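Q: Here is my input; please provide its structure:
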Amino acid sequence: MPSQSSPSSPAAEQVASDQIAAVRAFNRFYTRKLGVLDQHLGKSPFSLSEARVLYELAHRDDLAAKEIGNELGLDPGYLSRIVQSFDEKGLITRKPLPADRRQYQLSLTAKGRQAFAKLNLSSQNEVAAMLAQLSSGDATRLTQAMAIIEAVLEQRRSQPAAFMLRSHRVGDMGWIISRQAAAYAADYNWDISYEALVAEICAQFIRNYDAAREHCWIAEVGGEPVGSVFLVKATDEIAKLRLLQVEKKARGLGVGRALVEQCIQGARERGYSKMTLWTQSILLAARGIYQSAGFKLVKEDKHHSFGADLVGETWERDL
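A: Numbers count the residues shown, from 1 in each chain. Down below sits the predicted model:
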């Protein structure tokens, strides 16, 4: 009796069978190797879906339950059970939305943030252990390949170019010093003393780097650096955002906003309760990003620096 093949869709008929097989094989390997799709994450009491909801609540303020469901593709009934469970455990607060009292605005409680911090640290340690088994070159190749997969599969209709954020590596500090100095000299006629300041900040960051409390992120487009930002320790409770910079060719892509949001997220994950930054009144684009990210202007001071008369501004926000 002749064998019968399963009917295929028109889309499947247009794609080579070896490509389909390769993607399916990679998906099985990825799930097995990383183990992040297990029913429960490590020793955590949370399922994968619960952990994803916790993550969204930890990194975005005052989300509506419906927004989370749409973002994560969760069934409304299933999400409702997760929210109810979190509420009963004291992990979240719920309040009706003014526009639609059938919908709820969700926020993590202190207990909820503590639960997320523990889960996040466990996940970071598991990934770090996996990467530690690789050479530096292989680890870089792996993360770059992941970024390519994400960029190819993710739809970014609103952005003319895709960018990614990565951690700093050897050579980045030199690039930051050079680009900061050149950009501010060209745009604001600042003198070489600003380059000296940036060099001092970068040197201090490298000498005293504490991964548990500090970090630097580099924005890339097509493998080329186009922006950067630093998260450094001011006190045990206060983090400081420093040296935000975006290349002209990357402006308008949302790079600056993404770097600031990543810095805020990084400060929260590292246990800080407040964030501060120092900028200048003439840096209007940066000020707009800080304001939209929840920072408030708390202090102004006139000074003469970098060969120019400036008004320095201190901005702060709670985390």
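Q: And the helices in the stretch 201-319 of the chain?
A: Remark: helices assigned in the stretch 201-319 of the chain by DSSP state H, counting those that start in this stretch are 255-269, 284-292.
Q: Can you spell out the domain ranges of this protein, please?
A: Taking the TED database as the reference, the chain has its domains at 48-156, 163-318.
Q: now for those domains, which one comes closest to residue 16?
A: domain 48-156 (16.4 Å; C-beta to C-beta). All C-beta spots, glycine's among them, are computed from the backbone N, C-alpha and C.
Q: Could you dump the helices of the stretch 201-319 of the chain into JSON lines and include mean pLDDT, mean neighbour count and distance to residue 97?
A: Putting these into JSON lines (pLDDT from 0 to 100; neighbours: other C-beta atoms under 10 Å; distance: least, C-beta to C-beta, whole Å) gives the following:
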{"stretch": "helix 255-269", "mean pLDDT": "93", "mean neighbour count": "20", "distance to residue 97": "23"}
{"stretch": "helix 284-292", "mean pLDDT": "91", "mean neighbour count": "15", "distance to residue 97": "21"}
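Q: got TSV for the ones you listed, with distance to residue 303 too?
A: Formatted as TSV, the helices of the stretch 201-319 of the chain follow (distance: least, C-beta to C-beta, whole Å):
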stretch	distance to residue 303
helix 255-269	24
helix 284-292	17
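Q: follow-up on the earlier one: most tightly surrounded among the domains of the chain?
A: Sort the domains of the chain by mean neighbour count, taking mean count of other C-beta atoms under 10 Å, and domain 163-318 sits at the top with a mean of 16.
Q: so where's the stretch 1-150 of the chain shaky on pLDDT?
A: The model of the stretch 1-150 of the chain has pLDDT under 70 over residues 1-15, 33-43, 61-62, 98-102.
Q: Quick one: the strands in the chain, in order.
A: 63-64, 92-96, 104-108, 164-167, 215-221, 224-233, 238-246, 274-280, 296-305, 308-318 (DSSP state E).
Q: Would you mind giving those strands as JSON lines with distance to residue 264 added?
A: Putting the strands of the chain into JSON lines (distance: least, C-beta to C-beta, whole Å) gives the following:
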{"stretch": "strand 63-64", "distance to residue 264": "15"}
{"stretch": "strand 92-96", "distance to residue 264": "20"}
{"stretch": "strand 104-108", "distance to residue 264": "15"}
{"stretch": "strand 164-167", "distance to residue 264": "13"}
{"stretch": "strand 215-221", "distance to residue 264": "12"}
{"stretch": "strand 224-233", "distance to residue 264": "9"}
{"stretch": "strand 238-246", "distance to residue 264": "8"}
{"stretch": "strand 274-280", "distance to residue 264": "6"}
{"stretch": "strand 296-305", "distance to residue 264": "14"}
{"stretch": "strand 308-318", "distance to residue 264": "8"}
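Q: what's the least confident stretch among the ones you listed?
A: Note on the strands of the chain: lowest mean pLDDT is at strand 63-64, with a mean of 76.
Q: Sheet partners, orientation included, of that strand?
A: The strands beside strand 63-64 in its sheet (DSSP bridges) come out as strand 104-108 (antiparallel).
Q: I would like the residues contacting the partner strand, please.
A: 54, 57-58, 61-65, 68, 83, 91-97, 116 (C-beta atoms under 8 Å, 6 or more residues apart in numbering).
Q: now it: how far from the chain's centre is it?
A: Relative to its chain's centre, strand 104-108 lies at 21 Å (C-alpha atoms, centre = their mean, to the nearest Å).
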